[in-house]
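Q: what shape does this take:
(one chain, ligands or ions: 1)
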Amino acid sequence: MKQQKPSGQRKILLYDTTLRDGTQCEGVSLSVDDKLRIVGVLDKLGVHYIEGGWPGSNPKDEEFFQRAHSLKLKHAKLSAFGSTRRKDCAANQDDSLAALVRVKTPVACIFGKSWDLHVTHALRASLDDNLQMIADSVAFLKSKGKEVIYDAEHFFDGFKANYQYALATLKSAWGAGARNLTLCDTNGGSLPHHISETVKVVKAFLPEASLGIHTHNDAECAVANSLESVRQGCDLVQGTINGLGERCGNANLLSVIPALKYKMDLDCVSDDQMNFLTEASRYVCEYTNIVPNDHQPYVGHSAFAHKGGVHVSAVARHASTYEHLDPALVGNKRRILISELAGRSNVLFKAKEFHLDFEKDPKAVEKVVKHVKEMENQGYQFEGAEGSFCLLVDRLVHSSKPYFDLKSFRVVVEKDRQISGLVSEATLKVAVGDKVEHTVAEGNGPVDALDKALRRALEKFYPSLKKMTLMDFKVRVIDAAAGTAAKVRVLLESRDHKDEWGTIGVSENIIEASWQALVDAVEYKLLKDSKK
Ligand SMILES: [Zn+2]
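A: Residues are numbered from 1 along each chain as shown. This next block holds a predicted model:
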């Protein structure tokens, strides 16, 4: 599906550096395979440039570019990163520039010095030498057929120290044929008004030049600084997925992109690509092995979660009362949480979602709200445990009977030196009507053994249970201050061929908590089937 572009809409190019600057993030180490997978995600997301790494700096990046060469990208161009030539060597003799030519990417991005102090003290070159190094390097790469993006390192700090010199370095790169001059807030300390004033001066100084922005988040302004730069005339934004990067990270493209498109009405990615935003975030979390931040703007699990009773009733009437954007636009979902703040409206909203129709009965509503609050005091949390919530409503409102009755169970865990690992065995006695079943089963762990024994007992009465599987099992200690007497909360995720549901159990004993969640998982499946 092609997006209809209003004519005359300004186009903003997105330059992703997750695979280069993003990998500077503490705790992130990507294999070549991970990097290639992330390239696929970025291409699907619709970024225009993917910076793959710094060839010549390490063998992993060399291998990446070798393998990336055969990728068929639908959208993005691959870019390789490097620096301007060394001070006392011609551009065609420089190893780092040679590596950029060798990797055969259509784009090369090189950084050079903009801050006079860095030129004289870090490079130990004269100010004029540095201008020549920039011009030579850009011209050399251009002569090899590359599209060259010039990164002006420390531009904003350099501009403060000596603006005339900082501007001269840009002129040097532009004159030598750079496609874009990207202004870098390398130390990440700039604020939006500072960025704004500086970009304005650069734009007036080189009105013909295409400008870009590369920001870091040390003052928590990376996204704001990027957006402000665009407002002042930059038409390329560099950043990373989920804001990965060294120290406090780079500008988070996942926040930049929807702001450009929906709040500034600029052309950057299509509607379909935008719908992939949330998934893109999760994939990159997966590949970088970073736990997703639930509260990440736009894409976080909680980004459109409503908990306060007043909010919920307002959102139920009109979503925009407490939402800055329709979550579906960025591939995210609105969530209504049942919580201790829960008023009637949360419970009703949730009930509606699950087609539990009891809102016309005010007594029933009060009963459910009261019960939910009591259970939350004991440590239950119905966020993510919709199965348990529906059962609770069903029991309270319809006084429904349980599908089976536990008589007793026993779980044995045995460790034997002769056998590697542990063996768990569950023995179980349950009644269905006036029939009593007595079963035994072994499992990978005590919960698995209980699950198997329970199904063995129930499947002849309820054959649809064969279609149900346990997907995930999460345990959290909830009253840590109480030491060993702390309670645990067990959250089970189950599914059948059609749905997924979560159930919960709370107890000081992990087996008991697991059992509660397991019983709810089975009962919810049976309740759900009976409604059809
Ligand atoms: Zn950077």
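
Q: pretty sure residue 252 is in contact with residue 240, am I right?
A: Yes: with contact defined as Cβ atoms under 8 Å, residue 252 counts as touching residue 240 (7.0 Å). All C-beta atoms are positioned from the backbone trio N, CA, C, and that covers glycine.

Q: looking at those two, which is more packed in?
A: residue 240 (27 against 24; other Cβ atoms under 10 Å).

Q: how far away is that one from residue 271?
A: Computed as Cβ to Cβ, to the nearest Å, the residue 240 to residue 271 distance reads 23 Å.

Q: ok, now residue 349?
A: Distance, residue 349 to residue 271, using Cβ to Cβ: 28 Å.

Q: settle it for me: which of these two has more neighbours?
A: When residue 349 and residue 271 are compared for neighbours, residue 349 comes out ahead with 21 against 12, by other Cβ under 10 Å.

Q: any idea what the spatially closest residue to that one that is not a sequence neighbour is bridged to?
A: Counting by Cβ to Cβ, 6 or more residues apart in numbering, residue 349 lies nearest to residue 336, which is 4.7 Å off, once chain neighbours are set aside. With beta bridges defined as DSSP bridges, residue 336 has these partners: residue 306.

Q: what pLDDT does residue 336 get?
A: Residue 336 carries a pLDDT value of 75.

Q: check contacts around the nearest residue to residue 301 once chain neighbours are set aside.
A: Across the structure, with Cβ to Cβ, 6+ apart as the measure, the residue nearest residue 301 apart from its sequence neighbours is residue 294 (4.3 Å). With Cβ atoms under 8 Å, 6 or more residues apart in numbering as the criterion, the residues that contact residue 294 are 300, 301, 302.

Q: now do the same for residue 294: helix, strand or coil?
A: With DSSP: H, G, I helix; E, B strand; the rest coil as the basis, residue 294 sits in coil.

Q: how close does it sit to residue 323?
A: Applying Cβ to Cβ, one obtains 17 Å for the distance of residue 294 from residue 323.

Q: centre of the chain to the host helix or strand of residue 229, how far?
A: Taking DSSP states H and E as the criterion, residue 229 maps to helix 222-231. Mean-position distance between helix 222-231 and its chain equals 21 Å (Cα atoms, centre = their mean, to the nearest Å).

Q: which residues of the stretch 401-532 of the chain score low on pLDDT?
A: Screening the stretch 401-532 of the chain residue by residue with the criterion pLDDT under 70, one finds the ranges 479-485, 532.

Q: mind listing the strands for it?
A: Counting by DSSP state E, counting those that start in this stretch, the stretch 401-532 of the chain forms strands over residues 405-415, 422-432, 435-443, 469-477, 488-495, 500-507, given from the N-terminal end onward.

Q: where does the stretch 201-350 of the chain have low pLDDT?
A: The low-confidence ranges in the stretch 201-350 of the chain, as defined by pLDDT under 70, are 309, 338-343.

Q: redo that, cut-off 80
A: Filtered on pLDDT under 80, the stretch 201-350 of the chain yields the residue ranges 307-317, 319-321, 335-350.

Q: among the contacts of residue 294, the buried ones, what's the ChimeraX command?
A: Buried subset of the contacts of residue 294, written as a ChimeraX selection, criterion 16 or more other Cβ atoms under 10 Å:
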select :300,301
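
Q: mind listing which of the contacts of residue 294 are in strands?
A: Secondary structure from DSSP state E places none of the contacts of residue 294 in strands.

Q: could I get the contacts of residue 294 as a markdown table with distance to residue 498?
A: Output for the contacts of residue 294, formatted as a markdown table (distance: Cβ to Cβ, whole Å):
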| residue | distance to residue 498 |
| --- | --- |
| 300 | 27 |
| 301 | 23 |
| 302 | 26 |
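
Q: which of the contacts of residue 294 lies closest to residue 419?
A: For residue 419, the nearest member of these is residue 301. The distance, counting by Cβ to Cβ, is 40.6 Å.

Q: show me where the stretch 1-150 of the chain has helices.
A: Here the stretch 1-150 of the chain has its helices, by DSSP state H, counting those that start in this stretch, at 32-45, 59-68, 95-102, 116-118, 127-143.

Q: among these, which is nearest residue 191?
A: Go through the helices of the stretch 1-150 of the chain one by one with Cβ to Cβ and the one that ends up closest to residue 191 is helix 116-118, at 21.0 Å.

Q: report the buried residues of that closest one.
A: Applying 16+ other Cβ under 10 Å to helix 116-118 flags 116, 118 as buried.

Q: next up, phi/psi of residue 47, please.
A: Dihedral angles of residue 47 (phi, psi; degrees, to the nearest 10) stand at phi -70, psi 150.

Q: got it, and the one 10 residues further on?
A: When read as degrees, to the nearest 10, the backbone of residue 57 gives phi -90, psi -30.

Q: now residue 69
A: phi -60, psi -30.

Q: so what pLDDT did it get?
A: Here the pLDDT value assigned to residue 69 is 90.

Q: same check on residue 80?
A: Per-residue confidence (pLDDT) for residue 80: 98.

Q: that one - how many residues pack around it?
A: Residue 80 has 29 nearby residues by other Cβ under 10 Å.

Q: again with residue 177
A: Residue 177 is surrounded by 16 other residues when neighbours are defined as other Cβ under 10 Å.

Q: grab the nearest non-local neighbour of it.
A: Residue nearest to residue 177 in three dimensions, not counting chain neighbours: residue 142, with 4.2 Å by Cβ to Cβ, 6+ apart.

Q: ok, that neighbour touching residue 173?
A: No: in terms of Cβ under 8 Å, residue 142 does not count as a neighbour of residue 173; the distance is 10.6 Å.

Q: understood, closing this out.
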